[in-house]
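>>> Pasting the sequence and the predicted model now:
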Amino acid sequence: MWKSVILMLAFAVLCSRSRADSPVSDLKAKARNGQVFLTWKEAETPEGTSFNVYSSSKPIKSVRSAERVGHHIERHSARDWWEDPASFRKGKPHAKPVGFIIEDGGKRLDPSGGLFVDTVSKGEEGKGYYAVTCTGPDGKENKKIVPGKNSLRKPVTRKVGELKPIWQHKGKPPAPGAGKGKALWLNLHAKGGVIPNSEYLLFGDESMGWRRGLPFTFSVRVSGEEVVVRPTDRVWINRPHLEAGDGGTPAIWTFWYGYNSKIYDREEMGKGIPTNYTERRNLWILKWVREYYQTDPNACYVSGSSMGACGSISFGLRHPEIFAALHARVPIYSYTNPPGGSARRLAPSCWTGPLTRKVKTNEGEVLLDRMNGAKLVAEAKNDLPYIFATNGRKDGSIPWENNPPFYRACNEARQGCAFWWDDGTHPTAGQNAPEDVKAWTELFKRFRLDQSYPAFSNTSTNKDPGNGDPTNGDIIGWINRGMNWKDIEDKTNEYTITITAGYPGIAYPVKTDMTLRRVQKFTTRPGEKVKVQIGRSKPITIKADRSGHVTIPGIEIPSEKGVRITIRRGG
């Protein structure tokens, strides 16, 4: 207590002294890769102090003539909080402070100093001056400017450019093209985790976080025939996140979506907007990795477990132009509000209380609608990534109630999917699944954006997931388990495919409806008629639906050998 009182008094003295006694000194700036890196020395200040950064095209003598580009910057912001377990786990002791590495192969900064990274936008090119001020625990800002100490005497030349992540390991980073032609796999971690020893660090622009210059890390490793990307779902909010039931730390998880634009101040969050910051960060990461590592643009996948599975659904399905398929273990499909509902996972970071339909996102959509997977699938106009997913009826973290509606939405929309469920809990769901279901963890990588695939619906071997009550329906079951295909020939005037069904104990014949998805050459117009021959049966005429998709109903698969189907134009 006395230490806190002494620091408060010291801060008051600092703020009341002459200009020469600013808590910020030796402000320096370097510009590279479309960003300006500001560093400074920082006097000790009391807990609750934060810092502000101002920018101008002219020397800053008063903050009134400059634009504030950074706010609520934590004390000793040059400290790499990613290297401190206390950032992520409540009750963990702090590690020895170390500074950020802000240049490839460079030395760590002094962790007692300050750091802010400003991304240059169009209209900000040319000479740039910066100044740093501090705001005390009482909310009052010391706006004194001391040229040469907390304000630049000489400008830095600002240029718009492509952002470049900073290599965090010793030695040189992989050369451009290190993953040329390989598949790209985005692997999302569960709640509570971080990715240790990440290869890259980037300071985001204002679209990627509640303020400019927030750091995020990600790992990229070339393994066999794929490039594995593992980002970290954490963001520093400069205050303990006490609202979260399992939180209390200043580096929060976001369920791979985002959070409130004013999350840095609990009292201000009611004026903020839930914003998809984390998704934007992941989009940036994927774009950079694809371009730098030169991965195969048609072979991109996303997967995860628990919170990572939630992100695989909410992020993966929203970007069918990127992902060919996804795998999710115990995901939330839709966020809802009933007692114990899954919306509680978003509420602490997105709003000041339970989410209602009045809460809208930065995109102008009701947040609960935006995060409603069943609604997304039902309204999708594109061919979605093929979905493989498993859930447990006794999962206390992922309420069962929202799962059957999602399964049915996928079936009714005739999107590609395969689901498995059992009576498991959050950690045990799928552990005792049969080997053919466990194989889904690799099978989802067979898909490509430049290859067609069949989506199965109303399959006769499907089980009943029930009405959302964990005791209703088949306790252990599946949808489209064992449905498979081979030998696709996707030509301009003819499409042929062999579809099969098989798993231990399956009973033939198996009936299913098949919808052609992601067709490359045999594209059809809405209402166009085609001739369909199933095995040796007499050809029938099928009409493409309003979206131009061809669905063949009631296909019978007589044995494990499957059945050959031929589709021709001119029905």
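Yep, that arrived. Residues are numbered from 1 along each chain as shown.
>>> Name the SS class of the spatially closest residue to residue 256 that is not a sequence neighbour, please.
Distances taken as Cβ to Cβ, 6 or more residues apart in numbering place residue 311 nearest to residue 256, at 2.7 Å, with adjacent residues excluded. Where you see a C-beta, it was placed from the backbone N, CA and C, and this is true even at glycine. Put simply, residue 311 is helix when judged by DSSP: H, G, I helix; E, B strand; the rest coil.
>>> got it, and residue 512?
For residue 512, the assignment made with three-state DSSP gives strand.
>>> any idea how far the residue nearest to it when sequence neighbours are not counted lies from residue 392?
Counting by Cβ to Cβ, 6+ apart, residue 459 is the residue found nearest to residue 512 once chain neighbours are left out, at 4.2 Å. Between residue 459 and residue 392 the computed distance is 22 Å (Cβ to Cβ, to the nearest Å).
>>> Which of the two has more residues huddled nearby?
residue 392 (25 against 22; other Cβ atoms under 10 Å).
>>> Go ahead and confirm the more buried one touches residue 433.
No: using Cβ atoms under 8 Å, residue 392 is not in contact with residue 433; the gap is 10.4 Å.
>>> any shared contact partners between those two?
By Cβ atoms under 8 Å, 6 or more residues apart in numbering, residue 392 and residue 433 have these common neighbours: residue 422.
>>> And the pLDDT for residue 338?
Residue 338 carries a pLDDT value of 78.
>>> Give me the neighbour count for it.
Residue 338 is flanked by 11 other residues according to other Cβ under 10 Å.
>>> ok, now residue 527?
Number of residues near residue 527 (other Cβ under 10 Å) recorded here: 10.
>>> Check the gap between it and residue 513 for me.
Distance, residue 527 to residue 513, using Cβ to Cβ: 19 Å.
>>> Same check on residue 277?
Counting by Cβ to Cβ - residue 277 and residue 513 are separated by 40 Å.
>>> Identify the residues contacting stretch 161-174?
Stretch 161-174 has contacts (Cβ under 8 Å, 6+ apart) with 32-35, 101-105, 119-120, 197-202, 205, 217-218, 220, 222, 284, 288, 293.
>>> Now with 7 Å, please.
Residues outside stretch 161-174 that contact it (Cβ atoms under 7 Å, 6 or more residues apart in numbering): 33-35, 101-105, 119, 198-202, 222, 288.
>>> And stretch 33-45, by the same measure?
7, 11, 14, 23-30, 53, 75-76, 78, 102, 109, 112-120, 128, 130, 132, 134, 156, 158-164, 203.
>>> Among those residues, name the buried ones.
With neighbours counted using 16 or more other Cβ atoms under 10 Å, those contain these buried positions: 7, 11, 14, 23-25, 27, 29, 53, 75-76, 78, 102, 109, 113-120, 128, 130, 132, 134, 156, 158-159, 163, 203.
>>> thinking again about what came up before, out of the contacts of stretch 161-174, list just those in strands.
Residues of the contacts of stretch 161-174 located in strands (DSSP state E): 35, 119, 200, 201, 202, 222.
>>> Farthest pair within the residues you listed?
Greatest spatial distance among the ones in strands among the contacts of stretch 161-174 (Cβ to Cβ): 119 and 222, at 28.2 Å.
>>> so how far is residue 516 from residue 121?
Plainly put, residue 121 is 44 Å away from residue 516 if you go by Cβ to Cβ.
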